[in-house]
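Q: coordinates for the following, if possible.
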Amino acid sequence: MSLADKIRALPDFPKPGILFRDITTLLKDGPAFKQSIDDLALMCADLEFDLIVAPEARGFIIGTPLAYSLGKGFVPVRKSGKLPGPTRRASYSLEYGEDHLEIHEDAIEPGSRVLVVDDLLATGGTIRSAVDLVEGLGGQVVGVLFLIELLELHGRDVLNGYPVHSLIKY
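A: Residues are numbered from 1 along each chain as shown. You can find the predicted model right below:
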């Protein structure tokens, strides 16, 4: 089964000129969703890590079942104001401004080995913020893993020095 064939391409969303890769068509197909998580688990089988960290919201969709499959802990990275305890914050650029991600201050023990996971690597700003949050708490990022990578946007460039793995490349 080609997982890439299960992902819908929506032109001009969210604005003209953007081709949006919609994973909801893959997610609703039980065997395809299972295969994607199983394939991602195989991609990181040789990595030694303690936790999976993923940003909301679609990162949760990929990171949580992957953590479950591998018997690892899961740490959510959320938009500002969504976590109840003391947090650390990182900013990232959007096309028209800036946004912020937060992680609980006690989410990562110093020295923990962490795999950062998201659904999509585009320009890399969101995932770079998640990496910075992990390292700011003393965690060691052993790699970053994506369901999809949009090669033409060169998101790997902002992740230079980290092993980057992606299942589907466009």
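
Q: for the residue most central in space within the chain, what are its contacts?
A: For the chain, Asp118 is the residue whose C-alpha lies nearest the centre (CA atoms, centre = their mean; 1.4 Å). With contacts defined as CB atoms under 8 Å, 6 or more residues apart in numbering, the neighbours of Asp118 are 54-55, 58-59, 62-63, 126-127, 130, 144-147. Yep, even glycine has a C-beta here, placed from its N, CA and C like the rest.

Q: now, these that are in strands?
A: Ala54, Pro55, Val144, Leu145, Phe146, Leu147 (DSSP state E).

Q: which one of those residues is nearest Leu153?
A: Using CB to CB, the shortest approach to Leu153 within the ones in strands among the contacts of Asp118 belongs to Phe146, at 12.0 Å.

Q: show me the beta-bridge partners of that closest one.
A: Beta-bridge pairing of Phe146 under DSSP bridges involves Asp118, Ser166.

Q: quick one: contacts for it?
A: So Phe146 contacts Val117, Asp118, Asp119, Leu120, Leu121, Ile127, Val164, His165, Ser166, Leu167 (CB under 8 Å, 6+ apart).

Q: this protein: helices as residue ranges?
A: 24-27, 30-43, 58-70, 125-136 (DSSP state H).

Q: would you list these in TSV and tack on mean pLDDT, mean neighbour count and distance to Pro14?
A: Formatted as TSV, the helices of the chain follow (pLDDT from 0 to 100; neighbours: other CB atoms under 10 Å; distance: least, CB to CB, whole Å):
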stretch	mean pLDDT	mean neighbour count	distance to Pro14
helix 24-27	98	16	15
helix 30-43	98	15	24
helix 58-70	97	19	14
helix 125-136	96	21	15
